[in-house]
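>>> Dropping a prediction and its sequence here:
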Amino acid sequence: MDNVMNFVENKLMPPMLKLSNQRHLNAVRDGLIATIPITVIGSMFLLIPYIPWPQSYVEFMGNNPDLVSKLILPFNMSMGLLSVYATFGIGARLAKSYKMDSLTGGVAALFTFMTTLSFTTLEQGTFLSTKYLGGEGMFSGIITAILAVEVMRLCKKHRIGIRLPEQVPTNVSSSFEVIIPVFFSMTIVWIIVHLIGFDLNALISDLVTPLLSVSSNSIAAPLIYVGLTCVMWLFGIHPQILATVMLPIWLVNSEANMAAAQAGQAVTNIGVQPFIFTFLWIGGGGGTLALCLLMCFSKSKFLKKLGRLSIIPGFFNINEPLLFGLPIVLNPALAIPFAIAPLINTFITYFAFTSGIVPGMAYPLAAVWTVPSVFAAVIATASIRGAVLVVVNFFVYLGIYYPFFKAYERKLVTQEGEESKNEIDLTQAVIEE
């Protein structure tokens, strides 16, 4: 056990810590997180016309297609333009990290990304294809945002730009200063896409497709994600970097699921955020709500008090009080169930979805991670069977945590008894004196 902990602490964790502070990954994370409000709202509006019960409601929506088309408009304006919002956010955050004007960085990133697209002229007018404005253009948006801001940074470093007198207002002079770098980044993309005729969006989409395929329907991706997350938490390291890497993939898969649901097709992608955060992280990373419930009825005063203080946050999937207060971090007594139980439930959840026992996650972005899992599961799947799966996983957690918890409890009860006896002896000694 010591050899394993030394390997993780000395070999695995240093590069993970370095990666978690990587500037570009942080910008991607923050830019995508900034889209959460619009994706949640859009997903909710998509869910409204397709709620599968009661039957009278389903028939009402089926008889009012005009109402349905109006209800899904916010979905089309959010998920249908997701890459636009994300590109702007990523560019703004990356520029801010370099202490440059964030608004200019966002505009430059968006302009560079839009240059990858083309207008089509028809008899009715001139149109811009929305194919790559949604999730399918996500990775193109990330690359072009980084390109635009890095060109801005290099030009600033080498003092390349139009400089106006100091008397000119800062907002005006800063806009003129980035004209040349924005021109450079836009021109690079323009030459590649429009002069050479190289379809950048199609190439990136083709390169990413195998990755999306693995993450969409393979059990490998969630197993790796869950395993690494548990290891990082056990050593007190926040696994946000893993979510940062997976978030673009989850968003693309989510859009595909919602589009399939809207078209009345089968929803097959399991590589979306609720698979982890709703069905596995019941009570937070490691599925600690079951452990928290056991603590509420513990014979140990410390465990009982901490459990009752942590049960409400745990219900909303917040478990830092347990991770650092129990603690689970660097605690060999609880490391095994914390790491093993989520992996077992990964197999259970994967089987439930791929076998069709639980319907696909048609509305994954509506299931925000802070919503209690039993409710979020119903939202994500639009089925009570989602909630049943959460309950099954919860009892699996309960069964796995129980023997380790009881062993840890006995240890603490013994310690508390010894401390209580020492306090009584000390009190008696003071009275005798």
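Yep, it's here. All figures in this text were calculated on a predicted structure; none of them were measured in a lab.

>>> Which of the helices and strands in this structure ranks last by mean pLDDT?
For the chain, the helix or strand with the lowest mean confidence is helix 2-7, at a mean of 62 (criterion: mean pLDDT, DSSP states H and E).

>>> helices and strands around whichever helix in the chain runs longest, which ones?
If you go by DSSP state H, the chain has its longest helix at helix 384-432. Counting contacts by 3 or more C-beta pairs under 8 Å, 6 or more residues apart in numbering; DSSP states H and E, helix 384-432 packs against helix 289-296, helix 301-315, helix 332-354, helix 373-381. Any C-beta I mention is one placed from the backbone N, CA and C, and that applies to glycine too.

>>> Adding mean neighbour count and distance to residue 238, write those out as JSON lines.
Shown next, in JSON lines, are the helices and strands packed on helix 384-432 (neighbours: other C-beta atoms under 10 Å; distance: least, C-beta to C-beta, whole Å):
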{"stretch": "helix 289-296", "mean neighbour count": "24", "distance to residue 238": "19"}
{"stretch": "helix 301-315", "mean neighbour count": "17", "distance to residue 238": "16"}
{"stretch": "helix 332-354", "mean neighbour count": "19", "distance to residue 238": "15"}
{"stretch": "helix 373-381", "mean neighbour count": "24", "distance to residue 238": "20"}
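
>>> Residue 227 is nearest to which of the ones you listed?
helix 332-354 (6.4 Å; C-beta to C-beta).

>>> ranges for the helices of the stretch 151-300 of the chain?
Per DSSP state H, counting those that start in this stretch, the stretch 151-300 of the chain carries helices over the ranges 170-177, 179-190, 200-217, 220-234, 240-262, 273-277, 289-296.

>>> average pLDDT for the third one?
Mean pLDDT, helix 200-217: 76.

>>> Number of residues surrounding residue 166?
Residue 166: 7 surrounding residues under other C-beta atoms under 10 Å.

>>> is it true that residue 83 touches residue 132?
Yes. Judged on C-beta atoms under 8 Å, residue 83 makes contact with residue 132 at a distance of 6.6 Å.

>>> any residues in contact with both of these two?
residue 140 (C-beta atoms under 8 Å, 6 or more residues apart in numbering).

>>> Comparing those two, which residue is more hemmed in?
Using other C-beta under 10 Å, the more surrounded residue of residue 83 and residue 132 is residue 83, with 32 against 24.

>>> so who does the more buried one touch?
Neighbours of residue 83 in contact, by C-beta under 8 Å, 6+ apart: 113, 132, 133, 134, 135, 136, 137, 138, 140, 141.

>>> What angle do helix 240-262 and the host helix or strand of it make with each other?
In the assignment (DSSP states H and E), residue 83 maps to helix 82-97. Helix 82-97 and helix 240-262 are oriented at 160 degrees to each other (axes from the mean of the first three to the mean of the last three C-alpha atoms, to 10 degrees).

>>> Now helix 82-97: average pLDDT?
96.

>>> so how far is the next helix or strand after it from its chain's centroid?
With elements assigned by DSSP H and E, the helix or strand that comes after helix 82-97 is helix 102-114. Taking C-alpha atoms, centre = their mean, to the nearest Å, one finds the center of helix 102-114 at 24 Å from the center of the full chain.

>>> Can you tell me what sits against helix 102-114?
83-84, 87-96, 137, 140-141, 144-145, 147-149, 152, 174-175, 178, 181-182, 185-186, 189.

>>> Report the angle between it and helix 170-177.
Relative orientation of helix 102-114 and helix 170-177, computed by the same axes, to 10 degrees: 30 degrees.

>>> Mind exporting the C-alpha coordinates of helix 102-114 to CSV?
Below are the C-alpha coordinates for helix 102-114, written out as CSV (Å, rounded to 0.1, in the frame of the first residue of the first chain):
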residue,chain,number,x,y,z
SER,A,102,-10.8,40.2,-22.4
LEU,A,103,-13.5,41.7,-24.6
THR,A,104,-11.1,42.2,-27.5
GLY,A,105,-9.8,38.6,-27.0
GLY,A,106,-13.3,37.2,-27.2
VAL,A,107,-14.2,39.2,-30.4
ALA,A,108,-10.9,38.3,-32.1
ALA,A,109,-11.5,34.6,-31.3
LEU,A,110,-15.0,34.7,-32.6
PHE,A,111,-14.0,36.6,-35.8
THR,A,112,-11.2,34.0,-36.5
PHE,A,113,-13.6,31.1,-35.9
MET,A,114,-16.3,32.6,-38.2
